[in-house]
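Predicted coordinates and the sequence they were generated for:
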Amino acid sequence: MTATSKPTAVACKLVLLSLLFLVWQPSVWAAKLTVTYLRPDAAGDDRNRYPLKVLALALDRAKVEYELQPSKANMTQSRALTQMAQGVDIDVVWTMTSKEREEVLLPIRIPLEKGLLGWRIFFIQTKNAGKFAAIKSLDDLKQYEAGQGHDWPDTDILRASGLKVKGSPSYDSIFKMLEAGRFDYFPRSVIEIWDEAKSHPGMGLEIENTVVLQYPTAQYFFVNKKNTQLAGLIESGLQLALKDGSFDKLFLEQYGEDLKRANLKGRTHFLIGNPLLPAQTPLQDKRLWLSF
């Protein structure tokens, strides 16, 4: 048998190494990953800004070529979650976790906002500031009615603690309903409320400065149950960002000043339970949460 009629052992090894090298080169084998997220509810809604930065950070750390694009249509959060569960239109949503959501979708259990989504201060009508400053107990707060999205987990959480809640079909309409006095206050996360105040001027509303309502919760990235590739990329990227400090750096750049303005330690603090919180929530991992 001649030397050229059968590959040598060395040649076989070289071919195998070349194939392995190509497999591990994303730029050679992987097309650009296009990730579609839920378009904001309304013009000027900045709530997507930080989660999009976190998503980009995660995919950067995962070393994948990607493009982020908004969904073609506006839709409610509940519709977006249903569409994503069916594998239609939406690839990723960031939203508050619940038992129901974790049953039908795949969560990446790293809180994007270090638990601060559950620290709530209120939009109120300016004329009612004195009434809220007089609140000293949860029973006092129960005299007033909150406004929330009808399909938000917060609605069920607040009601489970005996608080009165009026549901609204859309995010932007909640501000109009509060302006019209159809309820008394609109609880918002301490990391959302300041931007929202800027985007809803001239409505006779203000940020109440004496009370904070807290419940344990987390905002995660969610994907379709079958989309384990995207989930794996996001989770591995977030873990690397936590390890190298870039996650915390981005968080403080975005929300450091808002937390100072919120003055959480100087407020009357009410802690309520969250019956929707899944048992798998990583509450013991101190890297993932802020406390005051």
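Done, it's in.

Stretch 272-287: how far from the chain's middle?
Using CA atoms, centre = their mean, to the nearest Å, the mean C-alpha position of stretch 272-287 is found 15 Å from that of the whole chain.

Give me the contacts around it.
With CB atoms under 8 Å, 6 or more residues apart in numbering as the test, stretch 272-287 has contacts from 97-100, 102, 109-110, 118, 138, 153, 156-158, 160-161, 163, 213-218, 242, 288-289. For glycine as for every other residue, the C-beta is placed from the backbone atoms N, C-alpha and C.

List buried residues within those residues.
Neighbour-count burial within those applies to 97-98, 102, 109-110, 118, 153, 156-158, 161, 163, 213-215, 217-218, 242, 288-289; the criterion is 16 or more other CB atoms under 10 Å.

wait, Tyr50 sits on Lys114?
No: in this structure, Tyr50 is not within contact of Lys114 by CB atoms under 8 Å, at 11.5 Å.

part of a helix, is Ile174?
Yes: note on Ile174: a helix contains this position according to DSSP: H, G, I helix; E, B strand; the rest coil.

That one: neighbour count?
By the criterion of other CB atoms under 10 Å, Ile174 has 25 neighbours.

Quick one: the helices in the stretch 151-292 of the chain, in order.
153-160, 171-179, 193-199, 228-244, 246-262 (DSSP state H, counting those that start in this stretch).

Out of those helices, which is closest to Phe186?
helix 171-179 (5.2 Å; CB to CB).

And the closest one, what does it pack against?
strand 119-125, strand 145-149, strand 164-168, strand 185-189, strand 205-207 (3 or more CB pairs under 8 Å, 6 or more residues apart in numbering; DSSP states H and E).

how about it: buried residues?
Along helix 171-179, the positions that meet the burial threshold by neighbour count (16+ other CB under 10 Å) are 171, 174-175, 178.

Domain-wise, how is this structure divided?
Per the record, the chain has its domains at 26-113+219-261, 116-214, by automatic domain parsing.

C-terminal to the helix or strand of the chain with the lowest mean pLDDT, what's the next element?
Lowest by mean pLDDT, DSSP states H and E among the helices and strands of the chain is helix 26-29, with a mean of 39. Going down the chain from helix 26-29, the next helix or strand is strand 33-37, by DSSP states H and E.

ok, and for that next one, which residues are buried?
For strand 33-37, the buried set under the neighbour-count rule, 16+ other CB under 10 Å, comprises 33, 35-37.

could these be laid out in TSV, adding pLDDT?
Rendered in TSV, the data for the buried residues of strand 33-37 read as follows (pLDDT from 0 to 100):
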residue	pLDDT
Leu33	95
Val35	97
Thr36	96
Tyr37	95
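
Now flag whichever of those is closest to Ala85.
Thr36 (14.4 Å).

Spatially nearest residue to the closest one (excluding sequence neighbours)?
Spatially, and ignoring its direct neighbours in sequence, Thr36 is nearest to Asp91 (4.7 Å; CB to CB, 6 or more residues apart in numbering).

Same check on Asp156?
Leu276 (6.1 Å).

Pull up the distance across stretch 164-181, start to finish.
The first and final residues of stretch 164-181 sit 15 Å from each other (CA to CA, to the nearest Å).

Mind listing residues that contact that stretch?
41-42, 45, 76, 123-125, 142, 144-151, 155, 158-159, 182-183, 185-186, 200, 203-205.

Stretch 227-237 now?
Stretch 227-237 is contacted from outside by 33, 35, 55, 57-62, 64, 87, 91-92, 106, 108, 110, 221, 223, using CB under 8 Å, 6+ apart.
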